[in-house]
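>>> Got a sequence here, can you build the structure:
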Amino acid sequence: MWEPFSEAEEIFNRLPTLANGQAVRAFVPPMDVYETDKAVVIETPLAGVNPEDVKVNVEKGVLTISGETSKEHEAQEKNYYRKEVRSGSFYREVALPTAVVEDKVVAEFEDGLLKISCPKANSVQAKKVSVKVIKKTKK
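Numbers count the residues shown, from 1 in each chain. Next up, the predicted model:
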């Protein structure tokens, strides 16, 4: 089944970006965002990425994941028919669906999967205000 949008995304992800005036390969990692009763959870596969090269930031309700991966001994003389294993820098930013406690966010990396748990902030209850009805007296 031909999927034009996934093909377009693949082409876009393979385009080089500029960093320090040099072309750098970049990619956008896929992610799943879901909510439990206590947290917003984000999972993104980063197989082959060193966890020390991953940066996670949550600020003003926006989660940012960035980093870099490279192949140490890639031979340039290979004659590829198809090359889908990604390397280079990556960046992903997503607005969180609900308020979270940003200083309590936890990120874990296991078996190539980055899992970020963002505890939900206590929802602020609207304060109910009763309206006092005042009748004007006729003069």
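>>> Below-threshold pLDDT in the protein: ranges please.
1-26, 71-77, 83-86, 123-126, 139 (pLDDT under 70).
>>> can you map out the strands along it?
16-19, 22-27, 32-35, 39-45, 54-59, 62-69, 88-95, 106-110, 113-119 (DSSP state E).
>>> Output those in a markdown table; the columns should cover distance to Tyr80 and mean neighbour count.
No exception for glycine: its C-beta is placed from N, CA and C like everyone else's. As requested, the strands of the chain are exported to a markdown table (distance: least, Cβ to Cβ, whole Å; neighbours: other Cβ atoms under 10 Å):
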| stretch | distance to Tyr80 | mean neighbour count |
| --- | --- | --- |
| strand 16-19 | 16 | 11 |
| strand 22-27 | 14 | 14 |
| strand 32-35 | 30 | 12 |
| strand 39-45 | 22 | 18 |
| strand 54-59 | 27 | 15 |
| strand 62-69 | 18 | 18 |
| strand 88-95 | 16 | 15 |
| strand 106-110 | 29 | 12 |
| strand 113-119 | 27 | 18 |
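>>> Distance to Lys78 added to those strands, as CSV?
As requested, the strands of the chain are exported to CSV (distance: least, Cβ to Cβ, whole Å):
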stretch, distance to Lys78
strand 16-19, 18
strand 22-27, 15
strand 32-35, 33
strand 39-45, 25
strand 54-59, 27
strand 62-69, 18
strand 88-95, 17
strand 106-110, 29
strand 113-119, 28
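>>> surely Pro51 meets Phe109?
Yes - between Pro51 and Phe109 there is a contact under Cβ atoms under 8 Å: 4.1 Å.
>>> next one: phi and psi at Met31?
As for Met31, its main-chain torsions (degrees, to the nearest 10) stand at phi -150, psi 150.
>>> quick one: it and Asp37, what's the gap?
Separation of Met31 from Asp37 (Cβ to Cβ, to the nearest Å): 21 Å.
>>> Please identify which of those two sits among more neighbours.
Each of Met31 and Asp37 has its neighbours counted (other Cβ atoms under 10 Å); Met31 has more, 16 against 5.
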